[in-house]
Structures are given as structure tokens and as C-alpha cells.
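Peer 1: need coordinates for the below:
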Amino acid sequence: MLEAAKNTLLILSALFPIVNPLGGSPIFLTMTRDYSPSERRALARRVAMNSFFLLVCSCLIGTYILTFFGISLPVVQVGGGLIVISTGWAMLNRSDDDDDHQGKVRKKVSPRDEFKTAFYPLTWPLTVGPGSISVAITLGANVARHHGWNLLGMLAIFIGSTIIAVSIYLCYGFSDRLARAIGATAMGVIMRLSSFLLVCIGVQILWNGAKALLVALPALGQ
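Peer 2: You can find the predicted model right below:
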């Protein structure tokens, strides 16, 4: 059990800063500004569940999936980085008029449409992105299959992913209360800064993947 506790702390310390649900809550609130509190919490619950399954699958079978399709981690980073950049750029250039227009259109949308963005882009790549996937795959290779497959390693993965999923739900589901506590003006500034940081994160992810691919070029030429 001591090994399981250590592995759980390892997973949390490695993944929690990258997932960063508290930092992602302003972005989530921006994309769900016209949702009611109950709708926002329902969507946050769906995003948390998606994140849990995505992290667990990445840890346990991520390596096999990438190998099966012949995809390397740098390629995943490049593709995911482009998506993050595109999403952050769109949010950065969003005007208040766009939000008002979306609010009017939103009244005609079916309740089932609330969950259309639950997986993409809210879960992937905004919450569990290429960086989180890369770390989760690495952790899974070192934790779950250390000295062969072991139940304690898998238990640590499930516990760590559950804690992260719960934190995602709390930060996203109650992001409106955080906004009220901070104030509309301050929250607007935070949202703009978060959008800019999202673009920067996407550029960093893209560069990490591109750099790894460029380093591998000489080896391919030999």
C-alpha cells in the first residue's frame, strides 16, 4: 500500500499542474457564459468524466494505441499544439458582441446540444491536452507495468485520475461563483490573459513536438 500511495502522489504531482483545472476555469466559463448554473455543472461533470477516462486510458493503453497506428508522441504534440493555438486565438479575438449574439442564438438550441463541446474542445485539448497525454503515457509505462502489470500500480492510476477529475468538476462547475467573487472587470481581464496563455501553451507544445521531430531527422537520413 505504501507503494500505491507513492505512485498516487507521483501521478498527482506530475499531472495536476499540467491539467491545471483552476487555471482552466476562466476559459471554461468563457465558453459557457450563456449556460445556466445547472447546465454548466452538468457539462463540467461530463468534462470531468471524460478527463478521467482519457487519463486512465492514456496511462494503461496509450502506448499500445500510438504503436498500433504508428504515431509518435512528437506528432501528437504538434497536432494538439495546433488545435490549442487555434482555440486560444479564437477566444482571444472574441468580442462582447459575439457573446451577446451567441446568447440570442442559444435560446433556440436543444438541451442535448449542451454536451456537444464536452469532449472537443473542453476535454481535449483544453483540459487534458497533448502535454497531459504525453505525461500520462510515460507514467503508465513506468507505474502500471513496473515489474510487470500490478494491481497496486493500476489502483494508483485510478485514484490519481479520480482526484484530478473531482478537482476539474469543482473548478469548472463553480467557475461562475469564482467570477462573481472576483468581479466582472477582473474576470474579463483574467479571461483575456488566460486566452493568451492558452496560445502560448499551444506554441510551446507545438515546439516541443517539432523539436523532437527535427532532432530525429539526422537519424532518418543515415
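Peer 1: what pLDDT, on average, does the lengthiest helix in the chain get?
Peer 2: The longest helix of the chain (DSSP state H) is helix 184-221. On average, the pLDDT along helix 184-221 is 81.
Peer 1: where does this structure have its least confident helix or strand?
Peer 2: helix 96-106 (a mean of 47; mean pLDDT, DSSP states H and E).
Peer 1: what's downstream of it, the next helix or strand?
Peer 2: helix 130-143 (DSSP states H and E).
Peer 1: now do that following helix: everything it contacts.
Peer 2: Residues from elsewhere that reach helix 130-143, judged by CB atoms under 8 Å, 6 or more residues apart in numbering: 7, 10-11, 14-15, 18-19, 54-55, 58-60, 62-63, 66, 73, 76-77, 79-81, 84, 128, 153, 156-157, 201, 205, 208-209. The C-beta positions use only the backbone N, C-alpha and C, and glycine is treated the same way.
Peer 1: so what's Ile182 closest to, chain neighbours aside?
Peer 2: Leaving aside its sequence neighbours, Ile182 sits nearest to Ile190 (CB to CB, 6 or more residues apart in numbering; 7.1 Å).
Peer 1: got it, and Ala210?
Peer 2: For Ala210, ignoring the flanking residues on the chain, the nearest one in space by CB to CB, 6+ apart is Val78 at 5.8 Å.
Peer 1: I'd like the average pLDDT over the host helix or strand of that neighbour.
Peer 2: Element membership for Val78, per DSSP H and E: helix 73-92. On average, the pLDDT along helix 73-92 is 82.
Peer 1: then that helix to PDB, C-alphas only?
Peer 2: Below are the C-alpha coordinates for helix 73-92, written out as PDB (Å, rounded to 0.1, in the frame of the first residue of the first chain):
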ATOM      1  CA  LEU A  73       4.400  11.400 -29.200                       C
ATOM      2  CA  PRO A  74       6.000  14.400 -31.000                       C
ATOM      3  CA  VAL A  75       3.400  14.100 -33.800                       C
ATOM      4  CA  VAL A  76       0.700  14.100 -31.200                       C
ATOM      5  CA  GLN A  77       2.200  17.200 -29.600                       C
ATOM      6  CA  VAL A  78       2.400  19.000 -33.000                       C
ATOM      7  CA  GLY A  79      -1.200  18.200 -33.900                       C
ATOM      8  CA  GLY A  80      -2.500  19.000 -30.400                       C
ATOM      9  CA  GLY A  81      -0.500  22.200 -30.200                       C
ATOM     10  CA  LEU A  82      -2.100  23.500 -33.400                       C
ATOM     11  CA  ILE A  83      -5.500  22.800 -32.000                       C
ATOM     12  CA  VAL A  84      -4.700  24.600 -28.800                       C
ATOM     13  CA  ILE A  85      -3.300  27.600 -30.600                       C
ATOM     14  CA  SER A  86      -6.400  27.800 -32.800                       C
ATOM     15  CA  THR A  87      -8.800  27.600 -29.900                       C
ATOM     16  CA  GLY A  88      -6.900  30.200 -27.800                       C
ATOM     17  CA  TRP A  89      -6.600  32.600 -30.800                       C
ATOM     18  CA  ALA A  90     -10.400  32.400 -31.400                       C
ATOM     19  CA  MET A  91     -11.100  33.100 -27.800                       C
ATOM     20  CA  LEU A  92      -8.600  35.900 -27.700                       C
END
